[in-house]
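Enquirer: Sequence and predicted structure, then a few things I'm wondering about:
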Amino acid sequence: MSNHEYQETAHTPIKRKEMSRRQFLAYTLGGATAFMAGGAVLPMIRFAVDPLLEKRAGGSYVKVVEESKVKVGEPTEFKFQIHQIDAWYISNPEQAAWIMKDENGKIFALSPVCKHLGCTIGWNTSNKNQYVCPCHGAHYTVDGKNLNVAPAPLDEYQVKVENGFVYLGEVIPNTRV
Amino acid sequence: MAHGNKNEKVVYVGDSRVRKPGGATIPPDYTSFPGRSEAFIPNFLLKEWMVGCVVLVGFLVLTIAHPAPLGYPANPTNSAFIPIPDWYFLFLYQLLKYPWVSGSYVAWGVVGIPGVAFGSLLLAPFLDTGKERRFYRRPIATALMLLSLVSCYYLTKVSWDFYQHELEITGTIPEHTVREEKAREAAAAGKEPPSATKPAEAVELVDADNAEVKSIMEKAGCLTCHATDLKGQAGANIPALRGVGDLLTKEELAEIITNGKDKMPAFGTDLSAEEIGTLADWLAKQKATE
Amino acid sequence: MFKSVYNWIDERLDVTPLWRDVADHEVPEHVNPAHHFSAFVYCFGGLTFFITVIQILSGMFLTMYYVPDIINAYASVDYLQHKVPFGSIVRGMHHWGASLVIVMMFLHTLRVFFTGSYKAPREMNWVVGMLIFFIMLGLGFTGYLLPWDNKAYFATKVGIQIANSVPYIGEYIKIFLQGGEIVGATTLTRFFAIHVFFLPGALLALLAAHFLMIRKQGIAGPL
């Protein structure tokens, strides 16, 4: 390398897009901070969002009543207990269903929760042959079809009949209207 | 500022007390300082964080390798439990065991010594007021600190060793260890780990009002260890007698009563063969009702 | 975009000096391990703070599942540790972190003591630091009861019994801590409140004072 060439390079510094030392340190610091924050917080986030990732347990059927007690064309309210495991709290809360047989002999069960704002409906309390909600006067037909106020028909329970007993399962959207 | 230049006009943002930028409010950049000092961010903090990353990794490894201990639910009637505070309280715990700071001198142990020690620590800058900062040039402060460190270490060690010794002579395994082992056994057997929260599900007694069995049990003193409700003491490794019929046969039970097992003494001499037979018979009937 | 938002805020609140003061302040040569390896002893204060942050975060997350009630406390801890994924890690972080904070703080205190950094004009900072130490011990003591297992119950009973033997006021301290005649339902809620609200509140205030004083006075000079 001649002296002349050496001087040449000294006069015109090569301009590359290089990081300054300070920038490099700043990025490394950012990385280290991210690592520490992530290492500490990610397990906690996973811990907190667990309910979102939990698989919903498939509904099991609960024995409710003898088939012979279900009337044709006239819904009757039956109470039954479900086994509920709510994290560390295990209980057997009571639930209700309006069960009847239609003219074809098919048994169906309606949930008593009003689709308007979640009050509990009753049968024939003021209107003839209708479900009526005491809160805002929503009515439903015997099949659970919403007549006014409520935005949707009453939910149904999955029904299974075995050995002369009616079993109820999950609550599903109404299939009759 | 009172001694500031009066000709300098300070401009504020609107009617707030915040000065309009452009003044000397921004501190000088670190490069304007001489010497080998460096900026806090990023240079110095990066070094601190490097140590932090190492600590974090070690910490996470520790938490994964050693789950936090959890024993059995608090039971005020549990007489077999040996309480021990966290390690950083052991020195105080041990201090109070010495006769010259307990009994009628307990005030000295609870308030006096810790009060003087912690008080002088708190007020150290006002007790050690000399200008000298190097520890080897202030022998009194350094000696007192070293003495306290040594005594704390000593007290902690004595306390811990005594606890270990007590566990050994009483044959107690700490509850959280028992629990972990049971969970491991259950996992190895492919079962759900036993729940500690539902002792109420303990097996019902069969033929609970058998007067003859009751009198034999009273005579032998079964209830003093196996508990009055026959649920045993999980912490002290004393098995429940409820449901014992599922685990052992009548012959095995009679054998254990006669000759003892582990911590259980032999009752072969205290009870007649007939009584042992009745008892084993009754125990063998203690099966979980389906 | 980011820059114009920042400028808009900066014009009104003049925030630049705040963070520039933190970011660009001078760290002297004698605490820099690149120049003197022995300067690593200066890292323990920062590590104490880091572990404290982990403690606060993991504690916040644990209260998503924990209930301070003598019937359900144990069950909820059992549930979060054994049933919730990563539960044993989050609880482990809080449990082991408590010990680690004490260790780090202990080392930090020793460093300050043996370098004589507590001397004038930094007396106030030492006093505040010692108060932080006591609060950490208090957090350790009150946190111990919360899982409501045998160890928690009996260790707390012993601790309260020790407080009871303080002359004259011991009885009052005991009843105040227990919230009644026995270690029971009110003791647990009391310890929970102290552990989760009162002591952390005091801790944050003292930490703020600690850091402000360090910024104001700068780190103690070389020996």
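Expert: It's in. Computed from a predicted model, the values in this text were never measured in an experiment.

Enquirer: Provide the secondary structure category for residue 158.
Expert: In the absence of a named chain, this looks at chain A. Judged by DSSP: H, G, I helix; E, B strand; the rest coil, the three-state class of residue A:158 is strand.

Enquirer: Helix or strand: which one has the residue nearest to it when sequence neighbours are not counted?
Expert: In this structure, residue A:158 finds its nearest non-sequential neighbour in residue A:169, 3.6 Å apart by C-beta to C-beta, 6 or more residues apart in numbering or on different chains. Using the backbone N, CA and C atoms, a C-beta is placed for each residue, glycine as well. Counting by DSSP states H and E, the element that carries residue A:169 is strand A:165-172.

Enquirer: what's the answer for residue C:77, then?
Expert: helix C:73-82.

Enquirer: Pull the CA coordinates from that helix and hand them back as CSV.
Expert: Output in CSV follows, covering the C-alpha atoms of helix C:73-82 (Å, rounded to 0.1, in the frame of the first residue of the first chain):
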residue,chain,number,x,y,z
ALA,C,73,-58.2,-19.6,51.2
TYR,C,74,-56.5,-23.0,51.2
ALA,C,75,-58.8,-24.4,48.5
SER,C,76,-58.1,-21.4,46.3
VAL,C,77,-54.3,-21.7,46.7
ASP,C,78,-54.5,-25.4,46.1
TYR,C,79,-56.5,-24.7,43.0
LEU,C,80,-54.2,-22.1,41.6
GLN,C,81,-51.1,-24.1,42.3
HIS,C,82,-52.3,-27.5,41.1
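
Enquirer: Name the residues that touch it?
Expert: A:47, A:87-89, B:67-68, B:70, B:73-74, B:183, B:193, B:195-197, C:62, C:65-67, C:87-88, C:90-91, C:146-149, C:188 (C-beta atoms under 8 Å, 6 or more residues apart in numbering or on different chains).

Enquirer: what packs against the strand holding residue A:169?
Expert: Under the contact criterion of 3 or more C-beta pairs under 8 Å, 6 or more residues apart in numbering or on different chains; DSSP states H and E, the helices and strands touching strand A:165-172 comprise strand A:62-66, strand A:107-110, strand A:156-162.

Enquirer: most packed of these?
Expert: strand A:107-110 (a mean of 23; mean count of other C-beta atoms under 10 Å in any protein chain shown).

Enquirer: Could you export the helices and strands packed on strand A:165-172 as TSV, including mean pLDDT?
Expert: Formatted as TSV, the helices and strands packed on strand A:165-172 follow (pLDDT from 0 to 100):
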stretch	mean pLDDT
strand A:62-66	86
strand A:107-110	89
strand A:156-162	88
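
Enquirer: Next, format the ones you listed as JSON lines and append distance to residue A:174.
Expert: JSON lines is the format used below for the helices and strands packed on strand A:165-172 (distance: least, C-beta to C-beta, whole Å):
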{"stretch": "strand A:62-66", "distance to residue A:174": "19"}
{"stretch": "strand A:107-110", "distance to residue A:174": "8"}
{"stretch": "strand A:156-162", "distance to residue A:174": "5"}
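
Enquirer: quick one, the helix or strand containing residue B:179 and helix C:73-82 angle?
Expert: Using DSSP H and E, residue B:179 maps to helix B:175-188. Angle, helix B:175-188 to helix C:73-82, by axes from the mean of the first three to the mean of the last three C-alpha atoms, to 10 degrees: 50 degrees.

Enquirer: can you give me the strands in chain A?
Expert: Along chain A, counting by DSSP state E, strands occupy A:62-66, A:76-81, A:84-86, A:89-91, A:94-101, A:107-110, A:122-123, A:131-132, A:139-140, A:146-148, A:156-162, A:165-172.

Enquirer: Reformat those strands as a markdown table; add distance to residue B:86.
Expert: Compiled in a markdown table, the strands of chain A are given as follows (distance: least, C-beta to C-beta, whole Å):
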| stretch | distance to residue B:86 |
| --- | --- |
| strand A:62-66 | 48 |
| strand A:76-81 | 45 |
| strand A:84-86 | 33 |
| strand A:89-91 | 30 |
| strand A:94-101 | 45 |
| strand A:107-110 | 56 |
| strand A:122-123 | 58 |
| strand A:131-132 | 61 |
| strand A:139-140 | 61 |
| strand A:146-148 | 61 |
| strand A:156-162 | 53 |
| strand A:165-172 | 48 |
